[in-house]
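Student: Just a sequence and a predicted model for now, questions to come.
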Amino acid sequence: MIPLPPAPGAEARTSLALVNSHVSLPGGRSADELDSPAAATQWLIERDLVPADAALLEYCQSELAGLRETLRELFAAQVAGAAPSAEVLDGVNRALTRVPSAQLLQHDADRGLHRASAHPVTRLVEHAMAQIAEDAAALLTGDAAGSIARCTAPPCDRFLLRTHARRHWCSTRCGDRVRASRAYARKQESARGQGESPEGTSRRGDEESSGGIDRDLPKFR
């Protein structure tokens, strides 16, 4: 369980939620919401990407974690203003095209005609990955692409959609850590400055005192 609230944008964007499902934490710790087949299944169920009675195998968990790493590289390239590698693009496109991802036209007595995503029983994770990859493609080619940022509060490595230009962290906790770190750095700098001043004054005083003694001493030829 990640001990942080969802990053801005992650609740609406499944691709952002996936890349943030692993996070580095202070003290050399980390948290991973896909660290077992059961955890990966629950993650998908909570986002309505698989039926509530689904049960993923270890292979499916590994596939989903692999897409996460591919999307992390893709988002990192976007933030850095760099071109993604051909391997990364191929990985996203494979996820997009493995199964049809369009919502199908369906009918039932309660809702009548409606569109809904199909959940192929034998290809649950492939279908979920196609939807996540579609969300990533739409995000990175849409108006919000320029708002994608990476949290600047080390060691956090989550991504977010900036809600305003000056926001560069994914949560209040990370923001507080950045502010505390800056305040500590200023305090240390101030302490160093104050420590140097008396030392410099002391040296000058010693030199002046020494100079005075020299002037008072008799000079011999």
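Tutor: The structure has been received and is ready for your questions.
Student: what comes up buried for the host helix or strand of residue 137?
Tutor: Under the criterion of DSSP states H and E, residue 137 resides in helix 124-140. Residues 124-137, 139-140 are the ones in helix 124-140 that count as buried (16 or more other C-beta atoms under 10 Å). In short, each C-beta sits where N, CA and C put it, glycine included.
Student: I'd like to know which of the residues you listed is nearest to residue 87.
Tutor: residue 133 (14.7 Å; C-beta to C-beta).
Student: Leaving out sequence neighbours, find the closest residue to the closest one.
Tutor: With sequence-adjacent residues excluded and distances taken as C-beta to C-beta, 6 or more residues apart in numbering, residue 133 is closest to residue 95, at 3.8 Å.
Student: and the helix holding residue 137, what other elements does it pack with?
Tutor: Under the contact criterion of 3 or more C-beta pairs under 8 Å, 6 or more residues apart in numbering; DSSP states H and E, helix 124-140 touches helix 14-19, helix 37-46, helix 58-80, helix 86-97.
Student: Between helix 37-46 and it, find me the angle.
Tutor: Helix 124-140 runs at 60 degrees relative to helix 37-46, counting by axes from the mean of the first three to the mean of the last three C-alpha atoms, to 10 degrees.
Student: in its sheet, what does the helix or strand just after helix 124-140 sit against?
Tutor: Using DSSP H and E, the helix or strand that follows helix 124-140 in sequence is strand 148-150. The pairing partners recorded for strand 148-150 under DSSP bridges are strand 159-161 (antiparallel).
Student: show me what contacts the nearest residue to residue 98 once chain neighbours are set aside?
Tutor: Nearest non-adjacent residue to residue 98, counting by C-beta to C-beta, 6+ apart: residue 126, 4.6 Å away. Residue 126 makes contacts with 63, 95, 98-99, 120, as judged by C-beta atoms under 8 Å, 6 or more residues apart in numbering.
Student: quick one: which of those residues is most hemmed in?
Tutor: residue 95 (26 neighbours; other C-beta atoms under 10 Å).
Student: Confirm for me that it is in contact with residue 128.
Tutor: No. Residue 95 is beyond contact range of residue 128, at 9.5 Å (criterion: C-beta atoms under 8 Å).
Student: what's the burial count for residue 19?
Tutor: Residue 19: 27 neighbours (other C-beta under 10 Å).
Student: Per-residue confidence, it, what does it come out as?
Tutor: Model confidence at residue 19, given as pLDDT, is 98.
Student: likewise the one 10 residues further on?
Tutor: Here the pLDDT value assigned to residue 29 is 94.
Student: hey, what's it bridged with?
Tutor: Bridge pairing for residue 29 - DSSP bridges - gives residue 25.
Student: That one and residue 155, how far apart?
Tutor: From residue 29 across to residue 155, the span is 9 Å (C-beta to C-beta, to the nearest Å).
Student: Residue 131 too?
Tutor: For residue 131, the distance to residue 155 - C-beta to C-beta - is 30 Å.
Student: now residue 188
Tutor: 20 Å.
Student: Perfect, that will be all.
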